[in-house]
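Trainee: how would this look folded up:
(one chain, ligands or ions: 2)
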Amino acid sequence: MPCHLVTGGSGFIGSCYVLEARRRGVRVVNLDRLTYAGNPANLAPLQGDSGYTFVRGDIGNAELVNWLLQSHQPDAIVNFAAESHVDRSIVDPEAFVRTNVLGTATLLRVVAQWWGALPAEQAQAFRFLHVSTDEVYGSLQPGDPAFTETTPYSPNSPYSASKAASDHLVRAFHETYGLPVLLTNCSNNYGPRQFPEKLIPLMICNALDRKPLPVYGKGANIRDWLHVEDHCAAIARVLEAGNVGRCYNIGGHAEKTNLEVVQAVCGILDNLAPSVAGPYAGLVSFVADRPGHDFRYAIDSTRIETELGWKPAHNFESGLQDTVRWYLENTAWTENVRSGAYREWIAVNYAQRGPGGGN
Ligand code: NAD
Ligand code: TYD
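Mentor: Ligands and ions are numbered 1, 2, ... in the order given. Reported below is the predicted structural model:
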């Protein structure tokens, strides 16, 4: 049975990947520091599963990583572990450098040392897949061609700069040490178990609490949305058939303005959980913009579609409907993650924003 060492497997995307890998019969070791974003409840279905091992720890802990490699001899590492929220990176950039840059550097060094001593056949079959983002390419204007794998990096936030640095390190470990790496750069994910600091779950939770729905600026910024299950299927496909040393862009063919996304969430809630206080869209509140806010991201995923035959299976409208339904049916999960620390973050991020440049 193949074994994957998954880092950050208790977060939003990592947990989806771990659950899917277990369904495919892959043995999984999950190394996760359990920051505010890591939630053991995401993997509750794996309780008592002998093919799943959880280890609480940091990707920057060389001794621990080395011990995990020696004792589990993974066939692949899938590196999800990261600080992932742009707004938090504006408040505390160094936390992003610590995990995304230094943590990834340590992980790569320890993995490269272990890998270099493997028997030839095992070394040849091994893969290190680094999960990255389209945000490393910077910002597009309407009408600009979508990002391809050869678009020059031009990160604008501390988050995207730290992810860009980690991507460069991964590439450098391939060139310098021959480590068999794969890189994926994906657009905005949505789906069940996303921490409610991100746009879609934040809007669902606030709407249900009849709190304002804080849209940055005019809500005109554009993101491409991909269902988390499609992202995880793409990662599995890249691991299976991707060319070593190659990058793959992953996108959902679903570019939307933020206001369109928020209005779509409101419309679904109006149907599934109508409020006597009136339509949820009445709660939309335009607030001060994010500094350095990238205007538009768009992905050209021709490479993964033509070379590896992957395509997204979900469409945004039904995927969003299912996502909203998941949050309505899992209010205990949401209550649990919206702890004191969450409320503190919401106060830090939104209290100072005040009214913005909207209508
Ligand atoms: P998340 O914030 O939900 O989860 C991150 C996980 O990593 C958490 O479980 C956290 O506890 C863990 N972690 C953080 N620092 C760690 C450390 N030092 N050592 C070990 N574990 C640590 O993030 P996500 O949305 O699931 O994103 C996963 C990956 O995908 C990230 O690398 C992110 O940059 C990338 N990505 C995310 C999106 C998106 O839309 N969410 C899009 C493209 C790429
Ligand atoms: P987010 O979910 O933080 O993802 P990212 O910044 O990585 O794209 O934000 C998605 C978009 O939604 C982004 O353009 C910022 C905007 N946004 C708001 O308008 N209001 C909010 O409260 C949040 C969290 C995001």
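
Trainee: In which helix or strand does the nearest residue in space to Pro196 that is not next to it in sequence reside?
Mentor: For Pro196, ignoring the flanking residues on the chain, the nearest one in space by Cβ to Cβ, 6 or more residues apart in numbering is Cys205 at 4.7 Å. All C-beta spots, glycine's among them, are computed from the backbone N, C-alpha and C. Cys205 is part of helix 199-208 when elements are defined by DSSP states H and E.

Trainee: related to what we said a few turns ago, is it true that the residue nearest to Pro196 touches Tyr327?
Mentor: Yes - counting by Cβ atoms under 8 Å, Cys205 sits close enough to Tyr327 to count as a contact (7.2 Å).

Trainee: one step back: helix or strand next in line after the helix holding Cys205, which one?
Mentor: That would be, after helix 199-208 and using DSSP H and E, strand 213-216.

Trainee: in its sheet, what does that next one sit against?
Mentor: Here strand 213-216 is paired, per DSSP bridges, with strand 284-287 (parallel).

Trainee: So for the partner strand, mean pLDDT?
Mentor: Strand 284-287 shows a mean pLDDT of 98.

Trainee: same for the helix or strand that that strand is followed by, what does it pack against?
Mentor: Using DSSP H and E, the helix or strand that follows strand 284-287 in sequence is helix 302-308. Packing partners of helix 302-308 (3 or more Cβ pairs under 8 Å, 6 or more residues apart in numbering; DSSP states H and E): helix 228-241, strand 247-250.

Trainee: Of Cys205 and Tyr327, which one has the most company?
Mentor: Tyr327 (24 against 20; other Cβ atoms under 10 Å).

Trainee: Skipping its backbone neighbours, what lies nearest the more buried one in space?
Mentor: Spatially, and ignoring its direct neighbours in sequence, Tyr327 is nearest to Ile204 (4.7 Å; Cβ to Cβ, 6+ apart).

Trainee: do the same with Ile222
Mentor: Among residues not flanking Ile222 along the chain, Arg296 sits closest, at 4.0 Å (Cβ to Cβ, 6+ apart).

Trainee: again with His227
Mentor: His314 (3.8 Å).

Trainee: list the contacts for the one you found?
Mentor: 227, 229-230, 252 (Cβ atoms under 8 Å, 6 or more residues apart in numbering).

Trainee: With Gln124 instead?
Mentor: By Cβ under 8 Å, 6+ apart, the contact list for Gln124 reads Pro180.

Trainee: Is Leu283 in contact with Asn206, as I believe?
Mentor: Yes - using Cβ under 8 Å, Leu283 is in contact with Asn206, at 7.1 Å.

Trainee: shared neighbours of those two, anything?
Mentor: The contact lists of Leu283 and Asn206 share 212-213, where a contact means Cβ under 8 Å, 6+ apart.

Trainee: Tally up the residues packed near Val284, please.
Mentor: 19.

Trainee: I'd like to know how many residues surround the closest residue to it other than its chain neighbours.
Mentor: Leaving aside its sequence neighbours, Val284 sits nearest to Leu213 (Cβ to Cβ, 6+ apart; 4.8 Å). Leu213 has 23 neighbouring residues, counting by other Cβ under 10 Å.

Trainee: Over to Leu68?
Mentor: Quick note: Leu68 (other Cβ under 10 Å) scores 22 neighbours.

Trainee: got a list of what it touches?
Mentor: Going by Cβ under 8 Å, 6+ apart, Leu68 touches 5, 29, 31, 55, 74.

Trainee: got the phi/psi numbers for it?
Mentor: phi -70, psi -40 (degrees, to the nearest 10).

Trainee: Next: the one 10 residues further on.
Mentor: Dihedral angles phi and psi of Val78 (degrees, to the nearest 10) take the values phi -120, psi 110.

Trainee: just Tyr52 next, same as before
Mentor: In terms of degrees, to the nearest 10, the main-chain angles of Tyr52 are phi -130, psi 130.

Trainee: Apart from its neighbours in sequence, what residue is nearest it?
Mentor: Excluding the flanking residues, the one nearest Tyr52 by Cβ to Cβ, 6+ apart is Leu46, at 4.4 Å.
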